[in-house]
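> just need the structure, nothing else, for what follows:
(2 chains)
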There are 2 protein chains.
Amino acid sequence: MLGKDYTAQDCSLARALEVVGERWTLLILRDAFFGVRRFNDFQVHLDIPKAVLSDRLSGLVDDGVLERRPDPDHAGRALYELTPAGRDLWPALHALLAWGDRHRAPNSREFRHAVCDTPLDDHAYCATCGTSPDPHDIVTAPRRGRRQRVRREDPVAVALQTPHRLLEPVKT
Amino acid sequence: MLGKDYTAQDCSLARALEVVGERWTLLILRDAFFGVRRFNDFQVHLDIPKAVLSDRLSGLVDDGVLERRPDPDHAGRALYELTPAGRDLWPALHALLAWGDRHRAPNSREFRHAVCDTPLDDHAYCATCGTSPDPHDIVTAPRRGRRQRVRREDPVAVALQTPHRLLEPVKT
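Coordinates of the predicted model:
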């Protein structure tokens, strides 16, 4: 079993990967940026084993990337939301997504600056406003005219078929 | 055993993580940006099991991120160098490194624009020149005044004690 630490590496990249480098973790955080907050919603949207999801969410809470609080609508359940440190992962997450879009397969979604509706470039930069918008100023929507590789019908996928502001809770 | 694919996720982030999401892969690529090209140099600098290193290098070659060519100085051995697609990973790699530097522990190295000696900001941007330099225009050096968490004496670590331009082969 490979661990998740890199104790012999004196490097901030190693420190970051100790937090976000495990399988599934960055996809969980992507969904958190999309406004997913409930265990069941992460689980059905990611098709991830429950034990793995539980382990990753706990680790992200321990590392200060997600905050866990009681779900006011479901007694005994929790909501997971990005902390400021978690939201600071947006540039890294977007950079990986942009690389995948350029070198592997066009992305299924687009990201626009909410203020001016300009699509963000590969650097998550809005050329119209000359700024790198914070996640809560970004709207994501399915990319028009693109055939979906996988047709998902889970409640999160359905909710994200309409334009959605990042960090705004998804309605499922 | 967890695989490395995310076939049910129609998302460029998932496609990127299928290439760079496995344990060690981004640290191998970091070393490639530092100019490491030989199997033995990756191995001693990363303290990585040889079988894992071999698996990751082959995968990165198959995925078009590294190019493998014969080492002119060592018959029967290979050099691994970043392809243009591999060099395009620099913004993602730097963004993760910057996050680790800000939220986990200050980085052991700094990165400056070779033209003007300005330290790059968290977005790998040179504020003096108003540009995001390509890796071959970036010089990395140990951060002055920072105590090392781990004192490495391997040939790559020793070579990188002096300022070094990214992508320039390290002399070991």
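
> can you tell me the closest non-neighbouring residue to residue A:108?
Closest residue in space to residue A:108, ignoring its immediate chain neighbours: residue B:10 at 4.7 Å, by Cβ to Cβ, 6 or more residues apart in numbering or on different chains. All C-beta atoms are positioned from the backbone trio N, CA, C, and that covers glycine.

> so the one you found touches residue A:106, yeah?
No - Residue B:10 lies out of contact with residue A:106 (Cβ atoms under 8 Å); the separation is 10.5 Å.

> these two: which has the busier surroundings?
Between residue B:10 and residue A:106, counted using other Cβ atoms under 10 Å in any protein chain shown, the more crowded position is residue B:10 (21 against 12).

> ok, residue A:43 - contacts?
The contact partners of residue A:43, by Cβ atoms under 8 Å, 6 or more residues apart in numbering or on different chains, come to A:50, A:53.

> same check on the one 10 residues further on?
Residues touching residue A:53, when contacts are defined by Cβ under 8 Å, 6+ apart, comprise A:24, A:28, A:39, A:42, A:43, A:46.

> and the pLDDT at the third one?
At residue A:39 the predicted local confidence, pLDDT, stands at 97.

> I figured it hits residue A:79, correct?
No - assessed by Cβ under 8 Å, residue A:39 is found out of contact with residue A:79, at 9.1 Å.

> so the residue sitting nearest the centre point of chain A is in which element?
Chain A has residue A:30 as the residue nearest its centroid, 1.1 Å off, counting by Cα atoms, centre = their mean. The secondary structure element spanning residue A:30 is helix A:25-33 (assigned by DSSP states H and E).

> now do that helix: distance to the chain's middle.
Average the C-alpha atoms of helix A:25-33, do the same for its chain, and the two points are 3 Å apart (Cα atoms, centre = their mean, to the nearest Å).

> now do the following helix or strand past it and helix A:25-33, the angle between them.
As assigned by DSSP H and E, the chain's next helix or strand after helix A:25-33 is helix A:39-46. Helix A:39-46 and helix A:25-33 are oriented at 120 degrees to each other (axes from the mean of the first three to the mean of the last three Cα atoms, to 10 degrees).

> what's the lowest-mean-pLDDT helix or strand in chain A packed up against?
When the helices and strands of chain A are compared on mean pLDDT, DSSP states H and E, helix A:155-159 comes out lowest with a mean of 93. Applying 3 or more Cβ pairs under 8 Å, 6 or more residues apart in numbering or on different chains; DSSP states H and E, one finds that helix A:155-159 makes contact with helix A:39-46.
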